[in-house]
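Trainee: Sequence first, predicted model second:
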Amino acid sequence: MPEGDTVYRTAEKLRSALLGKALTRCDVRVPRFAAVDLSGQVVDEVLARGKHLFIRVGDASIHSHLKMDGSWQVGRFRGPGYKVRIVLGTADTVAYGIDLGILEVLERSTDMDTVAHLGPDLLGEDWSAETAAANLMTDPQRPLAEALLDQRNLAGVGNVYANELCFLFGLRPSTAVSEVADPLRLASRAQKMLWANRSRVNRTTTGNTRRDEDLWVYGRGGEPCRRCGTSVVRDAEGDRVSYWCPRCQR
């Protein structure tokens, strides 16, 4: 599932493939921007901001968001063509934007206005654990997982990390934020988790990179808790699926 670490890694991949190269092909398959052709212009910057990605080409900025199923692939794409939202080619490579939840071409000078509402980026230069902690506590009665997922509080946490952080702090996803004893420690742990996984294709929150041993509770409904053996609960009634251990999480 794409979260801040996935976008960070995607930006690095696109940077390696496109940076400093002139586009020989620019095929935007979104009706509103289908006439945009940046061929002949040089890709001079690729930025990740939370879950948002910007590819800056001349005076334009290609803004994308992976949402739930999106991805950027470099090299040959073997999937169905209808999934491709954009194709960017250079003399020696090609990048495909697949199933992108958001794809738009913006004016470069104002592209950051799109993400001005975001909280500090867990993997960015503007990261501030103090600011993130303060943001989380602005609504003390808000469910913890919901507050962690709100990108206005801190940018980069998705559902996997939200559930894993709740487990590590012994609180259920539905617990009010006011129950967090040390918000600063929570924000700091979130940043450390994403930073540790920024270069891994298969993320881990347990410290174990082996398959089926890499996460504490996420995706493990009905399986034994790694700490106490109690069956992990899966709750799909809300907007996001939640997982927790009834014994380890109050």
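Mentor: In hand now; what should we look at? On a predicted model such as this, the values are computed, not experimentally measured, just so you know.

Trainee: Output the below-cut-off pLDDT ranges for this structure.
Mentor: Along the chain, segments meeting pLDDT under 70 span 1.

Trainee: Now do the strands in the protein.
Mentor: With DSSP state E applied, the chain shows strands at 25-28, 43-49, 52-57, 60-65, 71-74, 84-89, 94-98, 102-107, 233-235, 242-244, listed in chain order.

Trainee: out of those strands, nearest to residue 147?
Mentor: strand 242-244 (13.5 Å; Cβ to Cβ). Heads up, the C-betas are built off the backbone N, CA and C, glycines and all.

Trainee: just checking, what packs against the closest one?
Mentor: Using 3 or more Cβ pairs under 8 Å, 6 or more residues apart in numbering; DSSP states H and E, the elements in contact with strand 242-244 are helix 159-168, strand 233-235.

Trainee: Same list (the ones you listed) but as CSV, adding distance to residue 125 and mean neighbour count.
Mentor: Converted to CSV, these look like this (distance: least, Cβ to Cβ, whole Å; neighbours: other Cβ atoms under 10 Å):
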stretch, distance to residue 125, mean neighbour count
helix 159-168, 20, 24
strand 233-235, 36, 16
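
Trainee: Which of these sits closest to residue 216?
Mentor: Across the helices and strands packed on strand 242-244, closest to residue 216 is helix 159-168 (Cβ to Cβ), at 4.6 Å.

Trainee: Run through who's touching the closest one.
Mentor: When contacts are defined by Cβ atoms under 8 Å, 6 or more residues apart in numbering, helix 159-168 is touched by residues 1, 3, 144-145, 148-149, 157, 172-173, 175, 186, 189-190, 193-194, 203, 205, 215-219, 240-245, 248-249.
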